[in-house]
Structure formats: structure tokens, C-alpha cells
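S.K.: structure here, sequence nowhere to be found:
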């Protein structure tokens with residue numbers, strides 16, 4: 001029993017569980033369904049079944065529970081639930097002792113006194129009269145409906161929601177988009193519950209419905225396109241999370257077939273969603289046949305991207321991942337080297353070299369990249385990377401070179417100090433060249449202050465007085 005835990009739990013687990021409880025390590029204790037409680041302790045999910053004060057069973061993901069059938073995490077949740085029940089009991093007893101006075105008519109009081117039949121009839125009538133309430137009701141309880149095919153009910157829900165928020169010209173106002181986002185939030189919550197309960201098929205249906213129904217209306221949603229696109233990406237993220245939990249092979253095959261069926265549709269390509277299908281397929285492709293199918297699809301898709309003038313780099317990165325997963329390392333290397341002038345590909349190659357500890361290759365790639373006309377943010381990342389490598393290897397000349405470059409771009413005097421500390425006899429000349437660089441730029445208060453500070457830090461006080 002919860003009230004007599006001390007008599008039934010291993011002393012070590014009890015003491016450690018008590019320490020965890022007092023340290024506030026029991027998070028998100030909630031009742032998933034009647035008498036079934038869930039919580040998180042130190043990153044482990046703990047499940048506790050009671051009836052109503054007796055402990056019927058419990059589980060924890062930690063190794064100690066798997067080996068011994070009891071652990072400090074489960075003990076902490078038991079004590080936390082006992083404390084919660086005791087607090088509720090005391091609250092009820094206190095309420096009974098308080099003299100009854102005038103009571104305010106609240107929603108809770110009404111619900112406590114109305115019959116389920118009357119409440120059901122009222123909800124049904126109100127849903128008929130209020131479309132927004134009807135949609136919210138469907139969204140909240142769609143997962144409980146078993147008479148309709150699981151995916152179809154979510155598709156119908158989103159169809160009715162989109163129909164309700166669309167204007168006569170088929171556009172969707174900001175307020176309409178916000179109403180749609182609320183429904184999507186509810187579906188994401190249901191997907192989260194399905195994930196926790198390992199109802200992976202239900203999770204897949206929810207995510208697929210969001211992807212299929214929201215993508216075509218993205219360009220019609222005023223002011224909320226980014227938020228709705230994030231809802232679609234969140235659906236893909238949930239599918240990736242599900243794959244990490246090892247769902248059934250039949251579900252994996254179903255998802256693979258789904259991606260092959262959907263990825264090539266124009267609405268996904270025009271809204272930038274198509275790449276997420278390919279990323280999922282890289283994760284799904286397990287056998288040789290699937291990997292070959294994926295690589296061929298990518299080759300054809302790259303041709304299509306070239307014909308339509310779309311940026312190739314994101315697709316090339318996915319192709320690199322697919323080649324590496326298929327064990328075709330030489331092809332991946334050739335593809336990388338052939339497209340190394342693309343900033344995203346260059347950064348990917350550098351990340352791969354860092355992961356393999358190939359620091360000379362990292363340096364060579366970064367130096368090569370600086371010879372190209374790269375975007376300023378990529379150039380800054382490469383220079384910062386080379387500066388850090390030079391500091392690690394204590395290469396004074398390189399430190400001076402890249403610190404000075406970063407100073408010219410940022411006017412951050414931390415770089416100026418590094419450049420000066422690593423400089424040799426050429427430092428006075430570098431100072432003069434730096435001053436000339438800033439003096440030739442269009443006037444701005446920040447550049448004026450930078451020039452003045454350089455003169456001050458270098459002890460050029462006469463020139464500073466003249467400059468002021």
C-alpha cells in the first residue's frame with residue numbers, strides 16, 4: 001500500500017528515492033488514465049499503477065529496475081504520489097470543516113450536478129450551433145473514435161477545419177490560421193501521447209494527415225506561414241523520433257511506401273517540404289534495394305531541381321548522407337569534392353573531417369573555401385575555425401592573420417588584442433594598414449570610435465588629439 005511503503009520497499013531504494021524526492025527530481029507526475037500515473041525522474045520514464053491506494057505494479061527504464069524489479073526512481077514516484085494524495089485528503093477535510101456560506105455558481109459546480117445524458121445532449125446541440133466548438137471537440141476526442149479508419153478521421157478533422165477558416169477567395173486570414181494552429185497543437189499533443197504509449201501507427205496517421213493537409217494551404221495562410229510550416233516539420237520530427245524507438249517492420253515498410261508515393265508531388269516541392277521526405281527515407285532505407293531506390297530517386301530529383309533552377313546544396317547533402325549510409329564512400333567523396341564550392345557542401349565536408357579527427361583536412365578545406373566568393377557568414381565561420389586551429393597549434397603567424405581578419409569584419413577588440421600578441425616586427429605596419437582600411441570606409445560613429453581606440457591603444461596620442 002502507498003501508506004505503508006516503508007514496509008514493502010528495499011531500504012536502499014527507499015532512502016535514495018526519498019533523496020530524489022526532496023531534491024525535486026520527480027517531474028511531470030500526472031494521471032494518464034484512471035489509476036495509471038506517469039512521471040519522469042532523472043530522465044527515466046516511470047509508470048505506476050494503483051487501485052486506488054494499493055500499488056498494483058510499476059516500471060522504470062533504468063538498468064537497476066530491469067535487474068532487480070525495484071529502483072530509486074520508482075520509489076521516488078511512489079512517495080511523490082503518496083504525498084500528493086495526502087495533500088488532497090487534507091484539503092478535502094479542511095473544506096468539510098469550513099462553514100458553508102453562499103457559493104458562487106461556477107462551471108465546476110454545474111458539471112458536478114448535471115447528468116451525463118443532459119450534458120451529452122447539450123454538447124451535441126451546442127456543437128451543431130457553434131462550428132468552432134465542434135472543431136475543438138473533434139480535435140480533442142478524435143483519437144477515441146474507433147468506428148472510423150484512424151487516418152481518415154484525422155484527415156476529415158483537418159478538412160473540416162480548413163473549410164471553416166477559409167474565406168470565399170480561398171485565402172486564410174491571420175485569425176483563421178491561428179484557429180487552425182490550435183487544432184494542430186491538439187493533434188501534436190495526441191501524437192505525443194501516442195509516442196509515450198508506443199501507439200506508433202496512430203502517431204504515423206496523425207503526422208501524415210498534418211503533412212498532407214497543411215502543405216497545400218501554406219501559401220494561402222496570411223501572416224502565419226512560418227508557424228504552419230513549423231507544424232509540418234514537427235510532424236516529420238515526430239516520425240524521426242518514432243523510428244529511433246524501433247517500430248514494427250510492417251510500419252517501417254508502410255512509411256517507406258508512403259514517402260515514395262508522396263515526395264514527388266508539386267505542392268511539397270513548391271513549399272520546400274519535399275526534402276523532409278528524403279531525409280526520412282535516408283533513415284528508413286535499410287536493405288540494398290531500398291538504398292538503390294533512394295539513390296536513383298535523388299539522382300532524378302537533382303536533375304529536376306537543375307531544370308527548375310532550385311538550389312542544389314540541400315539535396316546534395318541528403319545524397320551524401322544516402323551514399324555514406326549505403327557504404328559508397330568513394331562516390332560520396334567524389335560528390336563532395338565536385339561540389340565543394342557550394343557553401344553547405346563545404347561546411348558538411350568540414351564537419352565530417354572534424355568528426356573523424358582529420359584536423360589537417362579541416363584546415364585545408366577551410367583555406368580552400370576562403371578562396372571562393374562565399375557568403376559573409378560562411379566566410380566568418382571559416383576564419384573563426386582557422387583562428388581556433390592556429391591557437392591550438394600555437395602558430396603565431398596564423399593567429400595574427402586570422403585574428404586581424406576577424407577584427408576588420410567585426411571591430412571586436414578581442415581579436416585586435418590577439419593579433420597584436422601574436423604579431424612580429426611587422427605590427428606597426430599592420431596597424432597603419434588597419435587604420436587606412438577603416439578610414440576609407442563610409443563614415444559611421446562606430447568606425448570613428450574604432451579608429452580612436454586603435455590610436456589610443458597603440459599610444460599614438462598626438463594623432464589621437466588631431467583625429468579628435
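M.R.: Alright, I've got the coordinates. Note that the coordinates shown come from a computational prediction; the quantities given were computed from them, not determined experimentally.
S.K.: just to be sure, residue 39 is in a helix?
M.R.: No. Residue 39 is assigned strand when assessed by DSSP: H, G, I helix; E, B strand; the rest coil, not a helix.
S.K.: tell me what it is bridged to.
M.R.: residue 46 (DSSP bridges).
S.K.: burial of it, as a residue count?
M.R.: Applying other C-beta atoms under 10 Å, we find 23 residues neighbouring residue 39. Bear in mind the C-beta positions are built from the backbone N, C-alpha and C, glycine included.
S.K.: that one reaches residue 84, doesn't it?
M.R.: No. Look at residue 39 against residue 84 with C-beta atoms under 8 Å: they stay out of range, at 10.5 Å.
S.K.: so what sits against both of the two?
M.R.: Jointly contacting residue 39 and residue 84 under the rule C-beta atoms under 8 Å, 6 or more residues apart in numbering are residue 29.
S.K.: I'd like the next helix or strand past the helix or strand of the chain with the lowest mean pLDDT.
M.R.: Ranking every helix and strand in the chain by mean pLDDT, DSSP states H and E puts helix 131-141 at the bottom, with a mean of 61. Per DSSP states H and E, the first helix or strand lying C-terminal to helix 131-141 is helix 150-165.
S.K.: quick one: the strands in the chain, in order.
M.R.: Remark: strands assigned in the chain by DSSP state E are 26-33, 36-41, 44-50, 55-60.
S.K.: could you dump those to TSV with distance to residue 237 and mean pLDDT?
M.R.: Output for the strands of the chain, formatted as TSV (distance: least, C-beta to C-beta, whole Å; pLDDT from 0 to 100):
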stretch	distance to residue 237	mean pLDDT
strand 26-33	20	86
strand 36-41	20	89
strand 44-50	19	89
strand 55-60	26	88
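S.K.: out of those, nearest to residue 443?
M.R.: Counting by C-beta to C-beta, residue 443 lies closest to strand 26-33 out of the strands of the chain; the figure is 55.5 Å.
S.K.: which elements pack onto that closest one?
M.R.: Applying 3 or more C-beta pairs under 8 Å, 6 or more residues apart in numbering; DSSP states H and E, we find strand 26-33 packed against strand 36-41, helix 72-97.
S.K.: would you single out the least confident of the ones you listed?
M.R.: Sorting the helices and strands packed on strand 26-33 by mean pLDDT places helix 72-97 lowest, at a mean of 86.
S.K.: can you report how many residues neighbour the closest residue in space to residue 73 that isn't next to it in sequence?
M.R.: Excluding the flanking residues, the one nearest residue 73 by C-beta to C-beta, 6 or more residues apart in numbering is residue 41, at 4.0 Å. Per other C-beta under 10 Å, the neighbour tally for residue 41 reads 26.
S.K.: show me this structure divided up by domain.
M.R.: What automatic domain parsing lists as the domains of the chain is 2-90, 127-247, 340-423, 425-468.
S.K.: any chance of the ones you listed in TSV with distance to residue 322 as columns?
M.R.: Output for these, formatted as TSV (distance: least, C-beta to C-beta, whole Å):
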stretch	distance to residue 322
domain 2-90	32
domain 127-247	15
domain 340-423	13
domain 425-468	45
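S.K.: relative to residue 285, which of those is closest?
M.R.: Within the domains of the chain, the stretch nearest residue 285 is domain 127-247; the backing value is 11.4 Å (C-beta to C-beta).
S.K.: chain center to that closest one, what's the gap?
M.R.: In terms of C-alpha atoms, centre = their mean, to the nearest Å, the centre of domain 127-247 is set 18 Å apart from its chain centre.
S.K.: try stretch 297-312
M.R.: Put simply, stretch 297-312 sits 27 Å off its chain's centre (C-alpha atoms, centre = their mean).
S.K.: again with stretch 268-275
M.R.: 19 Å.
S.K.: how about residue 441: what's its closest non-neighbour residue?
M.R.: Using C-beta to C-beta, 6+ apart, the nearest residue to residue 441 is residue 447, at 5.6 Å.
S.K.: actually residue 367, not the one I typed
M.R.: residue 386 (7.0 Å).
S.K.: burial of the one you found, as a residue count?
M.R.: Look at residue 386: counted by other C-beta under 10 Å, it has 23 neighbours.
S.K.: quick check, pLDDT for it.
M.R.: Value for residue 386, per-residue pLDDT: 90.
S.K.: then the one 3 residues further on?
M.R.: Per-residue confidence at residue 389 stands at 89 (pLDDT).
S.K.: again, but for residue 117
M.R.: pLDDT, residue 117: 67.
S.K.: same thing with residue 285?
M.R.: So residue 285 comes in at 93 (pLDDT).
S.K.: ditto for residue 198
M.R.: The model's pLDDT for residue 198 equals 88.
S.K.: so how far is residue 247 from it?
M.R.: Distance of residue 198 to residue 247, computed by C-beta to C-beta, to the nearest Å: 8 Å.
S.K.: who's more crowded, the two?
M.R.: More neighbours surround residue 247 than the other of residue 198 and residue 247, with 18 against 13 (other C-beta under 10 Å).
S.K.: in the chain, where is pLDDT below threshold?
M.R.: Per-residue confidence for the chain (pLDDT under 70) gives these ranges: 1-3, 52-53, 97-103, 105-149, 468.
S.K.: what do you get if the cut-off is 50, keeping everything else the same?
M.R.: Within the chain, the segments meeting pLDDT under 50 span 102.
S.K.: can you give me the helices in the stretch 301-450 of the chain?
M.R.: For the stretch 301-450 of the chain, applying DSSP state H, counting those that start in this stretch gives helices covering 313-325, 329-338, 343-355, 359-369, 376-392, 396-410, 413-422, 427-439, 445-457.
S.K.: buried set for the longest one?
M.R.: Which is helix 376-392. If you call a residue buried by 16 or more other C-beta atoms under 10 Å, then helix 376-392 has these buried ones: 378-379, 381-387, 389-391.
S.K.: that older thread, looking at the domains of the chain, which is nearest to residue 255?
M.R.: Nearest of the domains of the chain to residue 255, taken as C-beta to C-beta: domain 127-247 at 6.4 Å.
S.K.: still on that earlier bit, of all the helices of the stretch 301-450 of the chain, which one comes closest to residue 72?
M.R.: Using C-beta to C-beta, the nearest of those to residue 72 is helix 343-355, at 36.1 Å.
S.K.: next, the angle from the closest one to helix 313-325.
M.R.: With axes from the mean of the first three to the mean of the last three C-alpha atoms, to 10 degrees applied, the angle from helix 343-355 to helix 313-325 works out at 30 degrees.
S.K.: tell me the buried residues in helix 343-355?
M.R.: Of the residues in helix 343-355, 343, 345-350, 352-353 count as buried by neighbour count, 16+ other C-beta under 10 Å.
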